[in-house]
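> 3D, please:
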Amino acid sequence: MTIKSSFLTRFAATGAIFALLSATAHAQTEWVLPSAYPQTNYHVENLNQFAADVDKATNGELKITVHPNASLFKAPDIKRAVQTGQAQAGEVLLSLHENENPVFGIDVIPFLATSFEQSKKLWDASKETVAAALDEQGVKLLYATPWPPQGIYAKKEINSAADLKGLKWRAYNVGTSRIAEIVGAQPVTVQAAELPQALATGVVEALMTSSATGVDSKIWESLTHYYDTQAWLPKNVIFVNKGAFEALDPAMQKAVEEAAAAAETRGWALAEEKTKGYMAALTENGMTVAPPSDQLKSDMDAVGATLTEAWLEKAGDDGKAIIDAYKKM
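I've put the predicted structure just below:
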């Protein structure tokens with residue numbers, strides 16, 4: 001072999017190695033996506049499908065690993081972790097962060113949107129404002145999915161708001177804390193991953209949450225009654241660190257956005273589909289499931305009116321614009 005041909009052979013081999021290393025490095029783009037909910041929850045099922053869709057669309061060049069059940073970060077810490085780059089993406093209950101911006105609490109205004117159809121309209125009316133608020137914090141909104149309507153769980157029969165007085169009431173955001181204060185219950189901050197233990201140890205005696213959370217936490221092992229007040233349908237938002245998203249090439253960005261759009265459509269359908277099953281599971285496991293009494297409904301309507309007025313005062317022109325747009329839909 002001549003010196004020239006030997007050099008060319010080595011040059012070609014070196015080029016092939018660099019090409020292989022470059023391809024390998026490109027294929028190793030990895031994101032972690034923490035969530036606060038159990039592996040079996042439909043929100044996490046949807047996240048896993050979203051990750052699988054991204055993997056397929058990018059030919060494995062972007063891998064998203066979902067970490068459920070607050071195993072990586074606790075629920076209140078997930079958003080901050082994404083903002084600071086400790087996690088590239090995340091899922092949180094939007095209303096957890098109402099203290100940062102009132103618009104994050106729009107979907108938990110009691111009795112404003114009480115069905116899936118109304119909740120979707122409210123999301124359509126507020127999505128642009130929510131996305132802009134997140135963008136200012138260095139976070140890009142990907143999609144949102146709802147929880148089933150919220151009802152009241154308790155360890156005893158509840159016929160009016162007065163029956164909640166003195167009970168240890170699970171709070172997880174500004175709105176649920178204020179409800180406790182208004183009805184005279186004792187607010188105890190407990191996130192979803194900690195709820196089963198709080199119920200088992202008597203830390204929580206009553207709460208307002210969805211049928212899905214009730215099933216996830218096997219709430220019938222500690223509480224006895226569920227009242228289907230359909231107070232609101234809170235939403236989880238899934239988002240990504242802006243820097244991490246912008247570091248992707250345009251084709252990968254498009255793949256993420258298309259997978260997110262599909263996940264949002266799928267998530268809304270899943271929530272509605274599974275709600276009937278969750279309600280049936282509560283009954284099958286021995287809980288008393290009933291609509292609220294006229295007095296309880298009247299009391300909770302009054303609570304809702306108080307909280308709506310307070311939210312509108314905090315949210316100002318942005319809040320009023322969203323509510324006005326929603327009511328026109």
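
> lowest-confidence helix or strand of the protein?
Of the helices and strands making up the chain, the lowest-confidence element is helix 3-27, at a mean of 47, by mean pLDDT, DSSP states H and E.

> so after that one, what's the next helix or strand?
strand 29-34 (DSSP states H and E).

> buried set for that following strand?
Judged by neighbour count using 16 or more other CB atoms under 10 Å, the buried positions of strand 29-34 are T29, W31, V32, L33, P34. To be clear about C-beta, it is placed using only N, CA and C from the backbone, and glycine gets the same treatment.

> got the contact list for the residue nearest to M329 when sequence neighbours are not counted?
Closest residue to M329 apart from its sequence neighbours, by CB to CB, 6 or more residues apart in numbering: K121 at 4.4 Å. Neighbour list for K121: A113, Y326, M329 [criterion: CB atoms under 8 Å, 6 or more residues apart in numbering].

> can you do 10 Å?
Applying CB atoms under 10 Å, 6 or more residues apart in numbering to K121 gives the contacts A113, S115, A325, Y326, K327, K328, M329.

> need the residues you listed in JSON lines (columns: secondary structure, neighbour count and distance to V54).
Listed next are the contacts of K121 as JSON lines, based on DSSP: H, G, I helix; E, B strand; the rest coil; neighbours: other CB atoms under 10 Å; distance: CB to CB, whole Å:
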{"residue": "A113", "secondary structure": "coil", "neighbour count": "25", "distance to V54": "30"}
{"residue": "S115", "secondary structure": "coil", "neighbour count": "12", "distance to V54": "31"}
{"residue": "A325", "secondary structure": "helix", "neighbour count": "16", "distance to V54": "32"}
{"residue": "Y326", "secondary structure": "helix", "neighbour count": "18", "distance to V54": "31"}
{"residue": "K327", "secondary structure": "helix", "neighbour count": "11", "distance to V54": "36"}
{"residue": "K328", "secondary structure": "helix", "neighbour count": "8", "distance to V54": "36"}
{"residue": "M329", "secondary structure": "coil", "neighbour count": "11", "distance to V54": "31"}
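
> ok, the residues you listed vs H225, which is closest?
S115 (22.9 Å; CB to CB).

> next one: phi and psi at that closest one?
S115 adopts backbone torsions of phi -140, psi 170, taken as degrees, to the nearest 10.

> can you give me the strands in the stretch 1-150 of the chain?
Counting by DSSP state E, counting those that start in this stretch, the stretch 1-150 of the chain has strands at residues 29-34, 62-67, 89-93, 139-146, 150-154.

> tell me which of those strands sits most buried.
Ranked by mean neighbour count, the strands of the stretch 1-150 of the chain are led by strand 89-93 with a mean of 28 (mean count of other CB atoms under 10 Å).

> what angle separates that strand from strand 139-146?
Here the directions of strand 89-93 and strand 139-146 differ by 50 degrees (axes from the mean of the first three to the mean of the last three CA atoms, to 10 degrees).

> run the chain-centre distance for strand 89-93.
Taking CA atoms, centre = their mean, to the nearest Å, one finds the center of strand 89-93 at 6 Å from the center of the full chain.

> what angle separates that strand from strand 62-67?
Using the same axes, to 10 degrees: strand 89-93 against strand 62-67 is 40 degrees.

> CA atoms only: put strand 89-93 into CSV for me.
The C-alpha coordinates for strand 89-93 follow below in CSV (Å, rounded to 0.1, in the frame of the first residue of the first chain):
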residue,chain,number,x,y,z
ALA,A,89,-40.0,19.3,30.7
GLY,A,90,-42.6,18.8,33.3
GLU,A,91,-46.3,18.4,34.2
VAL,A,92,-48.1,20.3,36.9
LEU,A,93,-51.5,21.2,38.1
